[in-house]
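Peer 1: Build me a model:
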Amino acid sequence: MKSVIFLVSALLFLLVTGCVQSVRYTQDEIKDFPPSIQEQIKKGEVSPGMTQLQVRYSWGAPDSVILLAPTADGKNREEWVYTRLGGVFKTRLIFTDGKITEIISTEPGVIK
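Peer 2: Numbers count the residues shown, from 1 in each chain. Below you'll find the predicted structure:
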């Protein structure tokens, strides 16, 4: 019985600590961004139009980066993939010329 309680406690601890977001920026680093972008970074949110640097401040480094074929007019494209809760939730951010143009997610609340 003690081992079951210990395992459940350890699992809950890992789940809770995995959800804690640490600050990945200083106020000085984001001061030149528009106020709305600063607020999104503080809340850990992303939205179309954000740059790759702004996303890194908000969510940190992606789990993987995939280079995509350029657009018909030659713009560079990348896909950043973030996974949470051991891969249960997956969010893909598509960047065109360094800005988010598409968000695809299985995580509730990411797309508003």
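Peer 1: For the helix or strand containing Glu78, buried residues please.
Peer 2: For Glu78, the host element (DSSP states H and E) is strand 77-84. Judged by neighbour count (16 or more other CB atoms under 10 Å), strand 77-84 contains these buried residues: Arg77, Glu78, Glu79, Trp80, Tyr82, Arg84. (C-beta placed from N, C-alpha, C; glycine too.)
Peer 1: ok, so of the residues you listed, who is nearest Pro62?
Peer 2: Distance to Pro62, by CB to CB, is smallest for Trp80 among the buried residues of strand 77-84, at 3.8 Å.
Peer 1: can you pull the contacts of the spatially closest residue to that closest one that is not a sequence neighbour?
Peer 2: Distances taken as CB to CB, 6 or more residues apart in numbering put Pro62 closest to Trp80, at 3.8 Å, once the chain neighbours are dropped. Under the criterion of CB atoms under 8 Å, 6 or more residues apart in numbering, the contact partners of Pro62 comprise Trp80, Val81, Tyr82, Leu93.
Peer 1: Now with 6 Å, please.
Peer 2: The neighbours of Pro62, taking CB atoms under 6 Å, 6 or more residues apart in numbering as the test, are Trp80, Val81, Tyr82.
Peer 1: same question, Pro48
Peer 2: With the criterion set at CB under 6 Å, 6+ apart, Pro48 makes contact with Ile100.
Peer 1: Give me the distance between it and Gln27.
Peer 2: Summarising the geometry, the distance separating Pro48 from Gln27, computed by CB to CB, to the nearest Å, is 25 Å.
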